[in-house]
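Novice: Structure for the following, please:
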Amino acid sequence: MALKQVMEVMDVMDSATVNGQKIKALFTDYDVEINVTKVEGEKGFTEFVEFLIPGTSGKSVGGTAKTLGIIGRLGGIGARPSRVGLVSDADGAIAAVASALKLCDMKKKGDHLEGDVIVTTHICPDAPTEPHEPVDFMGSPVDILTMNRYEVRPEMEAILSIDTTKGNNIINHKGIAISPPVKEGYILKVSVDLVRIMEMTTGALVKTFPITMQDITPYGNGVYHINSILQPAVATNAPVVGVAITAESAVPGCGTGASHEIDIAQAVRYAIEVAKEFSKGTCAFFDEKEFKLLQSLYGDFKVLQTLGKQ
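Specialist: Residues are numbered from 1 along each chain as shown. All right, here's what the predicted structure looks like:
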């Protein structure tokens, strides 16, 4: 069950005065390492929150089990003063924090994962908005490079990037959907393990969403991006898979009253089950042998992780 954690997190986040310390207070009863870092930008500030949930055989305790990263990607959880209340864009942050809360609760009750899980996101209740087609986006007080610096950790060996992905006419499904894995500039085939886990946790056939070359390049290069869901992929060599929280209609990221607890809980349950299997070695994000073959045939695509020719 993850709905309880989602509702607890939403209740705290749905506030004009929420900050990193109030999120940290949700974890008072748990033994977990939490770092809160305030970062100033041109349009205000945000607070990055990082959770480390150690595994029984995780790298943080000298073990060898793999480390999963869960990133809650967003511009801001609120758009005050232009919008009152929690915005649709907050879903990624809610899902990430709720995932950390669920993992801590599991650990307290005796259910330990083998590998470490690192969860990151940021908390900003008064982020700016910006125009985007077909509906407006949420902006952020800090740029995408700063987000990646604080949210993409070198210890992460694979990453689930959870992001509200409702501001488009491409995905016409309400719930969650996953992207193909992105690694070092390559868009790879969808992981059969990630498909299997999604169908198990949702009880429905898998839903995927298309991504393009534009989507896996850094913001700031002048090309269209569906949103920032795959921006972590420009800052790491680890495979990144987007977990999109989706809608049938095009919903602006700055829209309020548009966060659906059940859909966010689906994303949390999915992330938890992936964490369990990834740390055990029973879930692969990509086919390593085929990736090496692609590199030998077509070379290095890391240029797509940069701003290119300026």
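
Novice: Following element in sequence after the helix or strand where I264 lies, please.
Specialist: Assigned by DSSP states H and E, I264 belongs to helix 261-280. As assigned by DSSP H and E, the chain's next helix or strand after helix 261-280 is helix 288-298.

Novice: As a check, name the ranges of all helices in this structure.
Specialist: All helices of the chain, identified by DSSP state H, fall at 3-13, 20-25, 91-108, 144-151, 192-202, 261-280, 288-298.

Novice: Dump these to a markdown table, plus distance to T46 and mean neighbour count.
Specialist: (Glycine included, C-beta is placed from N, CA and C.) As requested, the helices of the chain are exported to a markdown table (distance: least, C-beta to C-beta, whole Å; neighbours: other C-beta atoms under 10 Å):
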| stretch | distance to T46 | mean neighbour count |
| --- | --- | --- |
| helix 3-13 | 13 | 18 |
| helix 20-25 | 9 | 17 |
| helix 91-108 | 10 | 26 |
| helix 144-151 | 9 | 20 |
| helix 192-202 | 30 | 18 |
| helix 261-280 | 20 | 23 |
| helix 288-298 | 34 | 11 |
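
Novice: Let's have those helices in a markdown table, adding distance to I77.
Specialist: Below are the helices of the chain laid out as a markdown table (distance: least, C-beta to C-beta, whole Å):
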| stretch | distance to I77 |
| --- | --- |
| helix 3-13 | 5 |
| helix 20-25 | 10 |
| helix 91-108 | 5 |
| helix 144-151 | 14 |
| helix 192-202 | 25 |
| helix 261-280 | 12 |
| helix 288-298 | 36 |
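
Novice: List just the one of those that sits closest to Y224.
Specialist: Between Y224 and the helices of the chain, the tightest spacing by C-beta to C-beta is seen for helix 144-151, at 14.8 Å.

Novice: Which residues does that closest one contact?
Specialist: Helix 144-151 is contacted from outside by 37, 39, 41, 48, 50, 71, 73, 120-122, 140, 218-220, 228, 231-232, 234-235, using C-beta atoms under 8 Å, 6 or more residues apart in numbering.

Novice: Take those residues and keep only those in strands.
Specialist: With strands defined by DSSP state E, the entries of those inside them are 37, 39, 41, 48, 50, 71, 73, 120-122.

Novice: check contacts around I176.
Specialist: Going by C-beta under 8 Å, 6+ apart, the list of residues near I176 reads 198, 202, 207, 243-246, 263, 266-267, 270.

Novice: can you pull up the bridge partners for it?
Specialist: Counting by DSSP bridges, I176 is bridged to I245.

Novice: Please find the angle between the direction vectors of the helix holding I264 and helix 192-202.
Specialist: 140 degrees (axes from the mean of the first three to the mean of the last three C-alpha atoms, to 10 degrees).

Novice: Check which helices and strands helix 261-280 sits against.
Specialist: Under the contact definition 3 or more C-beta pairs under 8 Å, 6 or more residues apart in numbering; DSSP states H and E, helix 261-280 sits against helix 3-13, strand 68-73, helix 91-108, strand 158-164, strand 175-178, helix 192-202, strand 240-246.

Novice: Rounded mean pLDDT for it, please.
Specialist: Averaging pLDDT along helix 261-280 gives 98.
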